[in-house]
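**Q** Just the structure for this:
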Amino acid sequence: MKFYLLFFILISNQLFSQSFAPIITNYPKSEYLGESPIWDIAENKKNGTIFFANNRNILAYDGNFWEKISTNNLAITRSVAIINQVIYSGSLNNFGYWKLEKGTRKYVSISDQFNSFKGLEQEEIWKIFYHQKNIYFQSFNYLFQFDGKEVKRFKLPALSSYIFEVDNHLFVATISKGIFEFLDGKFIKKFDVIQDKPIVVHGIEKYGNDFLIGTLTEGIFIYNNKGVIPFDLKLNQLLKNHLILKMLCFDNHLIIGTSNNGVYVYDLKNKTYINYNQNLGLISNTIQNIKIDSKGNAWLGTDKGISKIELKNKTQLLYDYNGHLGNVFTFDFFKNSLLIGTNHGFYNYSFTENTTKPLIEKGLIWNVTNLDQTLFVSDSWGTHLYNGKLEKLSINNGGYKLIKIGSTFYQSSFTGVYKFDLKTLKSPHKISNLSIPILDFVVVQNKILGIGKNGGLYLFDVVKNSGKEILYKGKQLVNPQIIKENNRIYILIDNQNFENFDLFSKKFTTLKLNSKLKNINRIRELNADNFLVEADHILYYSKVENNSLIHYLIPKKLYDGKLVDDNLTGKVNNQFLYINLENGILKYDLNSIKKDLPQVKISAKINQSILENNPKIEYSNNYIDFYVSILNDDFSNYQLFYQLNDSKILPLNSPIINYKQLESGIYDLKIYTLKDGDFKKLNHFHFRIKKIWYLSTVMIIIYALLVLGSIFSFYQYNRFKIKQRFKIKQKAFEYELNLLELKHKQELKEFTHRQEKGLLENSLQSKSTELAAQALILANQRSMITDVNELFSQLDVNEENKRLKKKFEKTFSEYSYNRNEWESFELNIQEIHQDFIKRLSDKYSQLSAKDLKLCVFLRMNLSTKEIAPLMHLNYRSVELQRYRLRKKMQISSEINLNKYMINF
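**A** Okay, the predicted model is just below:
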């Protein structure tokens with residue numbers, strides 16, 4: 001992820017002070033996926049691509065995405081240069097160039113071709129440059145000259161830091177023998193920086209008719225025809241403590257990179273400087289290299305990554321990185337200052353001193369307004385006049401907006417809308433009894449149309465002193481925003497559409513304001529027909545032209561994640577648009593607005609192999625990365641969109657689009673930008689995914705032949721099969737006929753078996769019934785004998801009765817109870833019902849033999865009265881036995897025991 005750090009500069013000794021400063025962008029190694037040290041920097045001025053020597057890699061960045069060129073060896077790449085669109089690099093005992101073959105960069109060694117390091121040991125190429133049709137490669141001890149045909153090697157006069165090309169001169173900065181000039185293959189001594197003292201020189205630059213010499217430990221010197229003198233004693237004293245690692249001139253400024261305190265930007269005209277270091281925005285304090293690109297950006301190579309300072313960009317930021325300033329809610333211009341209200345207090349930024357100082361560090365300031373050089377300040381407790389100190393005017397809480405029409409002031413606040421004039425400053429009149437917070441409003445001929453802080457549109461009549469909410473189609477507007485054009489009012493009724501509202505008829509009309517920008521959230525009036533519009537967290541500078549709202553993008557990187565909720569404020573001063581942010585203010589150069597459509601390049605890669613436009617891609621290698629570049633510009637300065645075929649148009653938040661495993665077919669990747677609410681196509685990339693091998697044309701022909709052959713074979717096979725099938729069906733018919741006959745015999749046999757079984761069951765039931773009848777007879781016999789015995793026991797004992805008793809006993813002896821017959825009966829009963837008794841015993845193992853006998857009698861559907869004599873019990877005992885049987889078998893009293901046993 002790219003980190004945009006927009007920081008301020010401390011240039012005074014005060015505890016709290018900020019100033020407007022250029023934009024600083026940091027690129028950590030986690031973004032470019034390389035290594036930490038950056039040894040050298042070069043630029044391809046034709047397309048704006050920046051190259052970095054990064055240990056064992058060369059990095060290329062075009063403002064949109066990073067390319068890593070791997071050197072594939074252990075030698076550290078110390079230098080890189082772009083000469084005639086060719087990339088040259090230097091490392092240990094090697095230098096050469098890179099060429100593109102089949103989408104892949106390959107290294108070609110010039111030094112190996114000419115055996116340039118023969119006889120040398122450890123020579124690293126620290127600098128590459130072009131001078132008078134020759135390419136030079138410099139180590140600390142040698143200079144190699146390449147004219148395209150051969151390489152010449154020159155021994156330097158002494159161990160040297162660098163060779164500098166200045167004003168068509170080649171100056172060789174030796175450490176122990178001073179400065180030489182390389183001329184016609186010879187080294188000519190020019191001067192000593194400090195006599196008889198080793199000096200490491202890290203920069204020689206033209207300065208008028210003189211030369212500036214930047215040294216590692218002694219500061220900066222001026223060399224002219226009078227000799228060598230110190231440049232700026234105060235600056236030199238400072239630089240001696242921080243060590244100069246790089247120095248170069250740019251646009252009347254001296255850019256100095258130090259070893260432990262970042263960069264100093266010295267103004268050669270005003271003799272002032274600004275220091276950028278790690279505490280104030282840079283990724284590191286150790287600046288190993290500096291490159292000023294063709295756009296005026298200073299690229300800094302450090303030991304921890306890369307930083308970029310946009311020196312020529314007039315867009316700047318006043319930003320309090322430490323959070324002292326707080327969230328900026330409001331600001332206005334006053335004399336030669338910018339008065340700022342935040343949630344921490346009231347502050348003054350001086351344009352002349354370029355510093356910010358606190359005025360009142362207490363409370364929350366909602367509004368600061370300069371009206372006719374009278375400064376009004378509103379906080380949560382009231383409204384004040386400011387003239388060196390705050391003078392309270394009213395107790396209206398939280399003034400959001402204050403304007404003046406004629407001699408009348410109008411102010412919105414937490415509790416509604418007020419008006420006052422110079423005579424009633426301290427006693428403003430509230431318009432209507434509506435007490436709702438009004439965030440923004442416009443005034444047209446004694447009519448005030450306001451936006452509620454929490455939604456809703458409200459109309460106030462100054463003359464009638466009335467107020468009411470305006471509904472749209474019977475509903476409250478959720479987020480109404482107002483556009484005022486020549487006393488004509490347009491209201492944002494949803495997130496996209498504007499409709500005209502007539503203040504006098506209090507109705508919406510059919511007149512509309514054209515704007516195709518979607519998801520509009522906030523609108524703030526800047527001046528006549530100019531507005532600050534926020535949509536999808538992106539800011540636009542918008543103008544009303546020909547009944548249309550025209551939008552110009554403000555780059556998101558300048559404010560991304562730093563907008564202050566509903567308190568969006570924008571003001572125009574000269575060519576700059578000022579916008580409030582969390583902990584700061586953005587000063588945006590309106591002249592930098594991108595009005596023309598950008599030139600977009602689309603590159604495609606598969607496994608780091610570059611694809612030409614309209615490629616045919618193998619289905620098996622269908623992992624494509626598309627790189628979207630904006631030529632000679634930064635990707636983040638635009639909002640781009642992309643679309644694959646006819647799919648949904650999506651925002652392009654990263655310059656890399658990846659597709660994996662697309663289906664076979666023809667595709668067209670289109671890149672758009674949004675202009676005036678319309679999508680404008682910038683470029684496209686057409687490609688085709690081949691069909692998978694088993695769906696290719698050749699395979700389809702093979703499939704067709706196979707199908708035709710299969711059909712013919714199938715036809716022949718079917719003819720044979722029909723004949724075979726007829727024979728088989730004939731045999732099957734005979735088999736089925738035999739089977740039916742066997743089945744008939746089997747069914748007849750089963751029928752006979754069922755009949756026999758039925759007869760047996762009937763016989764069994766009949767026998768059971770007979771046994772029951774026999775049992776009853778036996779029981780009755782016994783009962784009769786028992787009764788007769790009881791009668792004889794009641795007769796008086798005399799001779800006659802005894803004779804009579806003996807006669808009766810003899811008469812009924814042949815009918816007396818026969819125990820053998822009774823046992824035979826019980827055995828027959830058990831034999832007939834043995835299956836029933838077994839099933840019952842298996843389920844109810846706790847049943848006794850007596851219980852089982854009772855169950856058999858119940859199954860025979862005998863009543864209690866009939867069962868009693870069979871079990872040699874009386875009636876009550878049988879009932880008790882039945883009750884116990886129910887409990888053992890857990891049978892409810894609602895269930896008939898006889899039926900239960902019969903169905904068991």
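
**Q** Next SSE downstream of the helix or strand bottoming out on mean pLDDT in the chain?
**A** Lowest on mean pLDDT, DSSP states H and E among the helices and strands of the chain sits strand 3-5, with a mean of 37. Downstream of strand 3-5, the first helix or strand assigned by DSSP states H and E is strand 20-21.

**Q** Give me the sheet partners of that following strand and which way each runs.
**A** strand 316-319 (antiparallel) (DSSP bridges).

**Q** Can you name the next helix or strand after the strand it pairs with?
**A** Next along from strand 316-319, by DSSP H and E: strand 328-334.

**Q** That following strand: partners in the sheet, and parallel or antiparallel?
**A** Assessed with DSSP bridges, strand 328-334 is paired to strand 337-342 (antiparallel).

**Q** hey, where'd the helices end up in the chain?
**A** 29-32, 110-114, 233-240, 697-794, 799-812, 819-832, 834-843, 849-859, 864-870, 875-889, 897-903 (DSSP state H).

**Q** Out of those, which is closest to residue 628?
**A** When the helices of the chain are compared by CB to CB, helix 29-32 sits nearest residue 628, at 16.9 Å. No exception for glycine: its C-beta is placed from N, CA and C like everyone else's.

**Q** Around residue 456, how many other residues sit close by?
**A** By other CB atoms under 10 Å, 18 other residues sit near residue 456.

**Q** tell me the phi and psi of it?
**A** Torsion angles at residue 456 (phi, psi; degrees, to the nearest 10) stand at phi 100, psi 150.

**Q** Pull the contacting residues for it.
**A** Contacts of residue 456 were listed using CB atoms under 8 Å, 6 or more residues apart in numbering, and they are 436, 469, 476, 477, 480.

**Q** and the residue lying closest to the third one once chain neighbours are set aside, how far is that from residue 444?
**A** The spatially closest residue to residue 476, leaving aside those adjacent along the chain, is residue 456, at 5.3 Å (CB to CB, 6 or more residues apart in numbering). Computed with CB to CB, to the nearest Å, the distance linking residue 456 and residue 444 is 19 Å.

**Q** Drop anything exposed from the contacts of residue 456.
**A** Listed as buried from these are 436, 477, 480; burial here means 16 or more other CB atoms under 10 Å.

**Q** Let me know the closest of the residues you listed to residue 878.
**A** residue 477 (94.0 Å).

**Q** From residue 249, how far off is the closest one?
**A** Counting by CB to CB, the gap from residue 477 to residue 249 is 58 Å.

**Q** about what we covered before: Throw the contacts of residue 456 into a markdown table and include distance to residue 123 and pLDDT, thanks.
**A** Output for these, formatted as a markdown table (distance: CB to CB, whole Å; pLDDT from 0 to 100):
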| residue | distance to residue 123 | pLDDT |
| --- | --- | --- |
| 436 | 79 | 93 |
| 469 | 82 | 96 |
| 476 | 78 | 95 |
| 477 | 75 | 96 |
| 480 | 73 | 96 |
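
**Q** any low-confidence regions in this structure?
**A** The model of the chain has pLDDT under 70 over residues 1-17, 103, 608, 676-677, 693-696, 757-797, 808-826.

**Q** Tell me who's in contact with the residue nearest to the spatial centre of it.
**A** For the chain, the residue nearest the mean C-alpha position is residue 653 (10.8 Å; CA atoms, centre = their mean). With contact set as CB under 8 Å, 6+ apart, residue 653 has no partners.

**Q** who's in contact with stretch 490-510?
**A** For stretch 490-510, the surrounding residues in contact (CB under 8 Å, 6+ apart) are 444-445, 447, 449, 457, 459, 470, 472, 477, 479-484, 488-489, 511-513, 515-521, 523, 535, 549.

**Q** Would you list the buried entries among these?
**A** Among these, those scoring as buried are 447, 449, 457, 459, 470, 472, 477, 479-484, 488-489, 513, 515, 517, 520-521, 523, 535, 549 (criterion: 16+ other CB under 10 Å).

**Q** For residue 276, list each beta-bridge partner.
**A** Beta-bridge partners, per DSSP bridges, of residue 276: residue 263.

**Q** Would you agree it is in contact with residue 265?
**A** Yes - between residue 276 and residue 265 there is a contact at 7.1 Å, judged by CB atoms under 8 Å.

**Q** In terms of neighbours, single out the busier of these two.
**A** Using other CB under 10 Å as the criterion, residue 276 and residue 265 rank with residue 276 on top: 24 against 20.

**Q** Touching, residue 840 and residue 847? I think so.
**A** Yes - when contacts are counted by CB under 8 Å, residue 840 is listed as touching residue 847 (6.6 Å).

**Q** which residues do those two both contact?
**A** residue 855.

**Q** Which ones among the buried ones among the contacts of stretch 490-510 map onto strands?
**A** 447, 449, 457, 459, 470, 482-484, 488-489, 513, 520-521, 523, 535, 549 (DSSP state E).

**Q** one step back: using a markdown table, lay out the helices of the chain together with distance to residue 569.
**A** Below are the helices of the chain laid out as a markdown table (distance: least, CB to CB, whole Å):
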| stretch | distance to residue 569 |
| --- | --- |
| helix 29-32 | 33 |
| helix 110-114 | 59 |
| helix 233-240 | 39 |
| helix 697-794 | 65 |
| helix 799-812 | 134 |
| helix 819-832 | 110 |
| helix 834-843 | 92 |
| helix 849-859 | 101 |
| helix 864-870 | 106 |
| helix 875-889 | 93 |
| helix 897-903 | 94 |
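
**Q** can you tell which of the ones you listed is closest to residue 660?
**A** Per CB to CB, nearest to residue 660 of the helices of the chain: helix 29-32, 22.6 Å.

**Q** in that closest one, what counts as buried?
**A** Under 16+ other CB under 10 Å, the buried positions of helix 29-32 are 29, 32.

**Q** Can you name every helix or strand that it contacts?
**A** strand 66-70, strand 305-310 (3 or more CB pairs under 8 Å, 6 or more residues apart in numbering; DSSP states H and E).

**Q** Let's see that with 6 Å instead.
**A** Helix 29-32 sits against no helix or strand, with contacts defined as 3 or more CB pairs under 6 Å, 6 or more residues apart in numbering; DSSP states H and E.

**Q** Just the CA trace of it, in PDB.
**A** Written as PDB, here are the backbone C-alpha positions of helix 29-32 (Å, rounded to 0.1, in the frame of the first residue of the first chain):
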ATOM      1  CA  LYS A  29       9.900  -1.700   0.800                       C
ATOM      2  CA  SER A  30       6.600  -3.500   1.600                       C
ATOM      3  CA  GLU A  31       5.100  -1.600  -1.400                       C
ATOM      4  CA  TYR A  32       7.800  -2.200  -4.000                       C
END
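
**Q** what's that helix in contact with?
**A** 2, 36, 59, 66, 305 (CB atoms under 6 Å, 6 or more residues apart in numbering).

**Q** nearest to residue 339, of these?
**A** residue 2 (33.7 Å).

**Q** Please name the nearest non-neighbouring residue to residue 485.
**A** In space, residue 485 is closest to residue 544, 4.9 Å off (CB to CB, 6+ apart).

**Q** what's the spacing between that neighbour and residue 484?
**A** From residue 544 to residue 484 the distance is 9 Å (CB to CB).

**Q** Same check on residue 367?
**A** 19 Å.

**Q** coming back round to it: what is the residue nearest to residue 485 paired to in the beta sheet?
**A** residue 549.

**Q** What number of residues are in the vicinity of it?
**A** Count around residue 544 with other CB under 10 Å applied: 21.

**Q** With the one 4 residues further on instead?
**A** Neighbour count for residue 548, taken as other CB under 10 Å: 14.

**Q** Also residue 703?
**A** 12.

**Q** same deal with residue 901?
**A** 22.

**Q** Residue 857 is in contact with that one, correct?
**A** No - using CB atoms under 6 Å, residue 901 is not in contact with residue 857; the gap is 8.8 Å.
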